[in-house]
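Novice: Structure, please.
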Amino acid sequence: MIEGFNCPNCGAPADHVGAKACNFCSTPFLLANSRSNSSLTNETLGKYADLYKRVTKDDPDYFDSQISLVLIYIKRSLPQLAENLSKKILEEFPDHSDAYLWRAISILKSGEIRKLKIAQAKEASQLIYTGNALTSEDGRSDFIYVAKVLKQQYFNQNDVIPPDQLIEVLEGDCMESDHSSEALLPSILG
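Specialist: Numbers count the residues shown, from 1 in each chain. Here you go, the predicted model:
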């Protein structure tokens, strides 16, 4: 849990251990689980990065702070840092479906999606498939969204047949979901 810190957005002290959002400005403390972080300034994102680095140093098993740091690196256009950290997170948390999701997103954000190397597109496809398979839901909407973006912006644009794993994830697109990261994805992936 995050404890003993001030809000990275307004500077107010957190009112209790485990607080999810600031009582003064309502900004969530974990960005990867938040739908309302697109308006944060680069300076504020830097403060969040400092917070998550401190939390991760104090508690290396705190998954959410590490994933939030990947999101910050992506939002601050630091794709190499996002890729390196997401790869490390996946190695440390291989049973956590969101580790696969954010690793795939970090690959897609390493440059223009349509200009990825085929090996990167296939790796992202495999990550989406594996992460989606680890979920308790059948066809989680955030994985389906990332699969759609990859299919449209890479495979269709380059006239390449998508891997079977990606098609299988897309076939799960029959359920509505309210997963916390789903609302973030359009602002991240475009």
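Novice: Tell me which residue is most central in the protein.
Specialist: The chain has Trp102 as the residue nearest its centroid, 3.9 Å off, counting by Cα atoms, centre = their mean.
Novice: Spell out the secondary structure type for it.
Specialist: What DSSP: H, G, I helix; E, B strand; the rest coil gives for Trp102 is helix.
Novice: Per-residue pLDDT of it, please?
Specialist: Note on Trp102: pLDDT of 94.
Novice: so it touches Ile67, yeah?
Specialist: Yes: here Trp102 reaches Ile67: they are 5.5 Å apart, a contact under Cβ atoms under 8 Å. C-beta coordinates here come from the backbone N, C-alpha and C atoms, glycine included.
Novice: quick revisit: roughly how far does the residue nearest to the centre of the chain sit from Ile161?
Specialist: Trp102 sits 26 Å away from Ile161, going by Cβ to Cβ, to the nearest Å.
Novice: Pro94 now?
Specialist: With distances taken as Cβ to Cβ, Pro94 is found 29 Å from Ile161.
Novice: Comparing the two, which shows the higher neighbour count?
Specialist: Pro94 (11 against 8; other Cβ atoms under 10 Å).
Novice: and the gap between the more buried one and Lys87?
Specialist: Per Cβ to Cβ, Pro94 is found 12 Å from Lys87.
Novice: same question, Phe93
Specialist: From Phe93 to Lys87 the distance is 11 Å (Cβ to Cβ).
Novice: repeat for Ser106
Specialist: 8 Å.
Novice: Show me which of these two is the more surrounded one.
Specialist: When Ser106 and Lys87 are compared for neighbours, Ser106 comes out ahead with 26 against 15, by other Cβ under 10 Å.
Novice: Tell me which helix or strand the more buried one sits in.
Specialist: Secondary-structure assignment from DSSP states H and E places Ser106 in helix 97-108.
Novice: so how far is the helix or strand that comes right after that helix from its chain's centroid?
Specialist: Following helix 97-108 in sequence order, the next helix or strand is helix 118-134 (DSSP H and E). Relative to the centre of its chain, helix 118-134 is centred 14 Å away, using Cα atoms, centre = their mean, to the nearest Å.
Novice: quick check: angle from helix 118-134 to helix 97-108?
Specialist: 160 degrees (axes from the mean of the first three to the mean of the last three Cα atoms, to 10 degrees).
Novice: where do the helices sit along this structure?
Specialist: With helices called from DSSP state H, the chain shows them at 42-58, 63-75, 79-92, 97-108, 118-134, 141-150, 164-170, 185-189.
Novice: Turn those helices into a markdown table, columns for distance to Phe24.
Specialist: Shown next, in a markdown table, are those (distance: least, Cβ to Cβ, whole Å):
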| stretch | distance to Phe24 |
| --- | --- |
| helix 42-58 | 14 |
| helix 63-75 | 20 |
| helix 79-92 | 30 |
| helix 97-108 | 29 |
| helix 118-134 | 36 |
| helix 141-150 | 30 |
| helix 164-170 | 41 |
| helix 185-189 | 24 |
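Novice: I appreciate the help and will end here.
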